[in-house]
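> need the 3D shape of this:
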Amino acid sequence: MRGVTEDPRLDDMPLLDELMPWSVAPLRLGRSWIVAPDVRTLRARWERLVAARGDEREALFRPSRARTTASSVAALPGQRTGTGRFAREDGPCPAPVRLAHGPFDEQWLLPDHRLIDTARPELWRVADDSQLFVVEQGHVPGAAGPALLVTAAVPDGRSPAGRPGRIRPLFRRPGGREPNIAPGLLPLLCERYGQPVAPADLSAWVVAAALPSPAGCRVPLPYDAEVWRSGVELGRRLTGIQLRGAHGGEKPRLPGGRRPYVRVPVPARPATVAYDAGEETLELGEGRISPVPAEAWDFHVSGARMLEQWFTHRTAPAEPGSLEAMGPVAWPQEWTSELLELITVLALLAQREPERAALAAHPGPTRAELRAAGVLPVPAAARRPASVLDHQEEGPEGQFALL
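Model (predicted):
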């Protein structure tokens, strides 16, 4: 992955914040034990917590200013969890949901609003099988890696380094309704390129062409229709790779002979991860996986190597006796399967990097031109979440409120 140098021409390019104006700040989970790489661990932690009483429950809970066992909050939209004070909770574990826990790390979350400091309910209201989340990565000057990523799972918006970016749903309402796109932009692009431009086309272009900058992601929009078409096609492929089969797509696969396999089983508790470039082998303790392309090992986001970070999230020691310390007694087989998939994803994305980098070289309309066309500035209403008036959500202590 290439490093990024600051280019004064970036100032003339529109910001992603202007093209997809509604954004949400990253989640603040408040306590790490509510996230785990496997469902069994979360259920075991829940059972341990609800079996505790009094001060022990409070200590295990890890209270914060925003949440204690006495907090009374509404349920997360779309989640059937308790809304009574957690100090009285003795029910079964809520069904864990997938969480994009930082870049390229899909884990599981207990979706209980009483456990999450700042859950961003507006994100949960629009999360469904039609939604796509575009997640800006923290800007680190000179660091290699993509400026943004996409996911079908609710993202927490974590960034490996630097200031976290923003989370931008593609649609402002459930069911793929009301695109989160600057009013007037899609008709302008349709006229410019002489073809229909759908919301998914713009998100694909953004995935392929976005560039990092201190002000946020910049998005060049080309004058040339053929450049647009090729960039959208590239963005669709990059999006499909990152979604890993979600939204009815196919799981990413490397060509035969290049697919990674387990050559030596991963031990019960691997303590280290390393890479042998000569053998193209990923070493997890005594375990061996190969072939692992060098570009997969070298894949960085915001200055952090993704394979190392993924491994650390599963093996870092925790405080003895805490809920965070509860986990599998041995390396689960599903972790190995997820690692093989991650290697594939990173390798495929890295292979497309030269194509992606080339898109920035094509000139396109400046911010001034978009202002002249009436697309900018974006109306204030487009930056706010859409109103939800068609259903009830459970409030604190089981009371219902119409939103």
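> from here on, just use CA atoms for contacts and neighbour counts.
Fine.
> doesn't residue 113 make contact with residue 67?
No. With contacts defined as C-alpha atoms under 8 Å, residue 67 does not count as touching residue 113, sitting 9.3 Å away.
> which of those two has more neighbours?
Here residue 67 and residue 113 are compared on neighbour count by other C-alpha atoms under 10 Å; more neighbours surround residue 113, at 24 against 21.
> for residue 37, see how far away that one is.
In this structure, residue 113 and residue 37 are separated by 20 Å, where distance is defined by C-alpha to C-alpha, to the nearest Å.
> helix or strand right after the strand or helix carrying residue 17?
Under the assignment given by DSSP states H and E, the secondary-structure element containing residue 17 is helix 16-19. Towards the C-terminus, the helix or strand next in line after helix 16-19, according to DSSP H and E, is strand 35-36.
> who does that following strand pair up with?
strand 106-109 (antiparallel) (DSSP bridges).
> now the stretch 101-250 of the chain, which segments are flagged as low pLDDT?
Along the stretch 101-250 of the chain, the parts satisfying pLDDT under 70 run over 162.
> quick one: the helices in it, in order.
Taking DSSP state H, counting those that start in this stretch as the criterion, the stretch 101-250 of the chain contains helices spanning 121-125, 185-193, 199-209, 225-243.
> same thing with the stretch 251-400 of the chain?
Ranges of helices in the stretch 251-400 of the chain, per DSSP H, counting those that start in this stretch, are 294-297, 306-315, 333-351, 353-358, 367-372.
> from residue 34, how far out is residue 97?
11 Å.
> more crowded one of the two?
It is residue 34, of residue 97 and residue 34, that has more neighbours when counted by other C-alpha under 10 Å, with 23 against 15.
> one step back: between residue 97 and residue 34, what contacts are shared?
Common neighbours of residue 97 and residue 34 are listed as 109, 110 (criterion: C-alpha atoms under 8 Å, 6 or more residues apart in numbering).
> so who does residue 232 touch?
Contact partners of residue 232, counting by C-alpha under 8 Å, 6+ apart, are 201, 202, 204, 205, 208.
> what does residue 71 give?
For residue 71, the contact set (C-alpha under 8 Å, 6+ apart) comprises 85, 86, 114.
> what number of residues lie near the second one?
When you say that, I think you mean residue 86. Other residues near residue 86 number 20, with proximity taken as other C-alpha under 10 Å.
> closest one to residue 101 among the helices of the stretch 101-250 of the chain?
For those, distance to residue 101 was read as C-alpha to C-alpha. The smallest value, 13.7 Å, belongs to helix 225-243.
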